[in-house]
Every structure is written in structure tokens, then in C-alpha cells.
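Asker: Next comes the sequence, and after it the predicted model I'd like to discuss.
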Amino acid sequence: MSSEDTIKNALKEGKAVLGWSAVERSAKRGDVGTIIYSSNCPGSTIKSIQYYSRVAGTESLEFSGNSTRLGQICGKPFNVTVIGIKK
């Protein structure tokens, strides 16, 4: 299954968390199983994602498209840099 399909399924099932602040809070609580970030995500955010992924024991993946494309897949009229998929 492609990452686009995974994201679409998570959105459909209500298991998606959009935006780094919301994903970070969910990761701290241990609610997120996978964190996906766009290819143009800032380096400081990627470092934080990798840190919280290690601490929470979750998977972090780079999405091949940019934040504009990730926003389109999520059906949002704005850029989405980070999305978390709940366990």
C-alpha cells in the first residue's frame, strides 16, 4: 500500500492528526503509530520528529511529495508538513 493510500485510509477512519504541534502532543502521549513528514519539512522539525519517534517507538517516514501535495491528499486548502497516524 502506498503512503498516499495509507494517509487517505487514516483520514477516512478518523485516525489522522495534522500539523506538527498536534502530532507532537499525540506522540508524547503515545497515541501515534506513524509520523509522516513532507519532503520540504524544515530540518529542525525533522530532528524533533526523529527524536519523538525514537522515544515513543513509532515509525517516521518521509513523504515523497512536498507540503502542498500532502495538503491536497488530506483534502485541505493549505500546506500540511506533518501528519500522524494514530495506533
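Answerer: Received it, and whenever you're ready, just let me know what you need.
Asker: G14: neighbour count?
Answerer: 7 (other C-beta atoms under 10 Å). Placement of C-beta: from N, CA and C, glycine included.
Asker: low pLDDT regions in the protein?
Answerer: Along the chain, the model assigns pLDDT under 70 to residues 1.
Asker: what's the longest helix in it?
Answerer: Looking across the chain with DSSP state H, the single longest helix is helix 43-56.
Asker: isn't G84 right up against V17?
Answerer: Yes - in this structure, G84 is within contact of V17 by C-beta atoms under 8 Å, at 4.0 Å.
Asker: what's the following helix or strand after the longest helix of the chain?
Answerer: Next helix or strand after helix 43-56 toward the C-terminus (DSSP states H and E): strand 59-62.
Asker: Direction included, what does that next one pair up with?
Answerer: Strand 59-62 sits in its sheet next to strand 32-37 (parallel), going by DSSP bridges.
Asker: tilt between the strand it pairs with and helix 43-56?
Answerer: Taking axes from the mean of the first three to the mean of the last three C-alpha atoms, to 10 degrees, strand 32-37 and helix 43-56 form an angle of 160 degrees between their directions.
Asker: Not counting strand 32-37 itself, show me its contacts.
Answerer: Applying C-beta atoms under 8 Å, 6 or more residues apart in numbering, the contact partners of strand 32-37 are 3, 6-7, 17, 23, 26-27, 45-46, 49, 52-53, 56, 58-63, 70, 81-87.
Asker: Likewise for stretch 11-30?
Answerer: Under C-beta under 8 Å, 6+ apart, the answer for stretch 11-30 is 7, 10, 31-32, 35, 45, 48-49, 52-53, 55-56, 58, 74-76, 80-87.
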